[in-house]
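> quick one: sequence plus predicted model below, questions after.
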Amino acid sequence: MKIKCWITIAILSSLIFFSCGCITKEAISTDKIAEEIIEKQKEIDDISYSEILTVSVGNESRTTESDILYKKQNMFKRIAKVNSTVTSIIDSNGTVTWMYDPYESVVMILNKTQSDFVQEPLSYAKFVDNLLTKYTVGYNGTESINGRNSYRIRLVPKIQHPPGNWSYWLWVDSETWLPLKVQTYGDGELLMTLEYRDVKINAGIPDAEFEFEIPKGARVLRK
């Protein structure tokens, strides 16, 4: 079912978005990096952005656009699209999660305990230690991404796990400390590109955005 596929993509892309550290031109300590991220995290009550995901397999690639909204406490919405057509919706009010597949006309409903794995966006600070201890981090200058100044960072795992030798390029916003673009490479080949656009922090997203209305005629599954 397409729902399972999009859950996996949602998890991977969100871990990338919310696990990036704060990097500056000058060398700073791990403690300072963690402090900056934690302080920024405390300031975020709600956040929204558009995500452009391009996955490459051989000579083929597929691009998916998603609109993402998040609000404390654990309210989350992801609307995935291909060529402006909605392909899936994941919506959670913090207690109940709805996962909608419009192609199959199926809505899966999970309670909070069962859906913890779907998204925990503001927990990205806990990944900082892993980021700095498991990767060699290299600063590679600044670059403008969609009109935003960013620090260009290369991450190489200190221990590679087969298959492939992995590396990552990150473009981190110099003001918000959030990623603007992420590229994943395997054996030097570009596998995935994530771009984050129209990021808005603390815009006052209403709770009603996280209450999913089941489409008429849709089949409902509960777990």
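Nice, I can see it. Numbering: from 1, shown residues only.

> what about residue 91, how many neighbours?
21 (other CB atoms under 10 Å). C-beta: built from backbone N, CA, C; applies to glycine.

> pLDDT value on the residue lying closest to residue 44 once chain neighbours are set aside, please?
Nearest residue to residue 44, sequence neighbours excluded (CB to CB, 6 or more residues apart in numbering): residue 201, at 5.7 Å. Listed pLDDT for residue 201 reads 88.

> can you pull the contacts of residue 201?
Listed by CB atoms under 8 Å, 6 or more residues apart in numbering, the contact set of residue 201 reads 43, 44, 46, 47, 176.

> check residue 138 too.
Counting by CB under 8 Å, 6+ apart, residue 138 touches 153, 154, 155, 156.

> list only buried entries from the residues you listed.
Taking 16 or more other CB atoms under 10 Å as the criterion, what is buried in the contacts of residue 138 is 153, 154, 155.

> keep only those of these that are in strands.
Those of those mapping onto strands are 153, 154, 155, per DSSP state E.

> could I get these as CSV with pLDDT and distance to residue 76?
Below are these laid out as CSV (pLDDT from 0 to 100; distance: CB to CB, whole Å):
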residue, pLDDT, distance to residue 76
153, 81, 26
154, 84, 30
155, 81, 26
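
> mind putting the buried ones among the contacts of residue 138 in CSV, distance to residue 205 included?
Formatted as CSV, the buried ones among the contacts of residue 138 follow (distance: CB to CB, whole Å):
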residue, distance to residue 205
153, 29
154, 34
155, 31
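
> tally of neighbours for residue 163?
Neighbours of residue 163 under the rule other CB under 10 Å: 8.

> quick check on it: phi, psi?
In terms of degrees, to the nearest 10, the main-chain angles of residue 163 are phi -80, psi 150.

> can you tell me the closest non-neighbouring residue to it?
Leaving aside its sequence neighbours, residue 163 is closest to residue 186 (7.8 Å, by CB to CB, 6+ apart).

> may I have the beta-bridge partners of the one you found?
Beta-bridge partners of residue 186, counted by DSSP bridges, are residue 166, residue 189.

> same check, this time on the one 10 residues further on
With DSSP bridges applied, residue 196 shows beta-bridge pairing to residue 51.
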